[in-house]
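Participant: Return atomic coordinates for the entry below.
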Amino acid sequence: MTAPAAGTGSGKDEVEWRDRPEGYINRFSSSKTWEQIRLHKEKQSWSKVVWFAQGVPRFAFITWLAVRDRLFTGTRMGQWDVVQSCLFYGEPNESRDHLFFACPYTFTVWLAVVGDLLLAEADPDWETTLAQLVELRYEKLDYILLRMVFQTAIYYIWKERNDIRHMGRPKTVDLALQTH
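Facilitator: Down below sits the predicted model:
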């Protein structure tokens, strides 16, 4: 008996999965598939402030939007001719940088919750605050707590801002700190 000719279809079919650009394996791996289809970008220095094991996912998500300046603040809504001033202090153009923490109201909240966790003096400038969280070296537990406080402040300031905007319920700083 002679062997079947190549390409006649009498051989056994096998499924193979690409596991790297030049190789195949016989089992599926979702992690290897993800590594092949995702866009590979340089890791951002701020990512450790946003994404960490002890973080609260909804807080991390809002912080991620804030870091990327993607929250719908007055500046972003201005693209649709919607004027939104700061609901806490009346600043004519509400921006991410004003909301976190250049606004006297939100800076007061930030000072109250961050306490002595920062190794430097708290600054109302967004970029400076983020740089302090990225560049300064903290003890492990202090750094976990500091990032959690940062994300919690951002989340509840954003929530409070939306409550005022949509339900008209402004609070004093003391009341805001007590209820959250």
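Participant: make it CA atoms for all contacts and neighbour counts henceforth
Facilitator: Fine.
Participant: any idea where the helices of the protein begin and end?
Facilitator: 30-37, 47-50, 57-67, 74-77, 96-97, 104-114, 126-135, 140-167, 173-179 (DSSP state H).
Participant: which ones are touching the residue nearest to the spatial centre of the chain?
Facilitator: By Cα atoms, centre = their mean, the mean C-alpha position of the chain lies nearest to residue 64, the distance being 1.5 Å. By Cα atoms under 8 Å, 6 or more residues apart in numbering, the residues touching residue 64 are residue 50.
Participant: From residue 95, how far out is it?
Facilitator: Applying Cα to Cα, to the nearest Å, the value for residue 64 to residue 95 is 16 Å.
Participant: How about residue 163?
Facilitator: 17 Å.
Participant: Counting neighbours, go ahead and name the busier of those two.
Facilitator: residue 95 (22 against 14; other Cα atoms under 10 Å).
Participant: I'd guessed that one sits against residue 73; true?
Facilitator: Yes. Between residue 95 and residue 73 there is a contact at 5.6 Å, judged by Cα atoms under 8 Å.
Participant: quick one: pLDDT of residue 119?
Facilitator: Looking at residue 119, its pLDDT stands at 88.
Participant: which residues sit in contact with it?
Facilitator: Per Cα under 8 Å, 6+ apart, neighbours of residue 119: 136, 138.
Participant: Distance-wise, check it relative to residue 101.
Facilitator: Counting by Cα to Cα, the gap from residue 119 to residue 101 is 18 Å.
Participant: Same question for residue 52.
Facilitator: 23 Å.
Participant: which residues sit in contact with the closest residue to residue 152 other than its chain neighbours?
Facilitator: Leaving aside its sequence neighbours, residue 152 sits nearest to residue 59 (Cα to Cα, 6 or more residues apart in numbering; 6.2 Å). Residue 59 is in contact with 151-152, 154-155, counting by Cα under 8 Å, 6+ apart.
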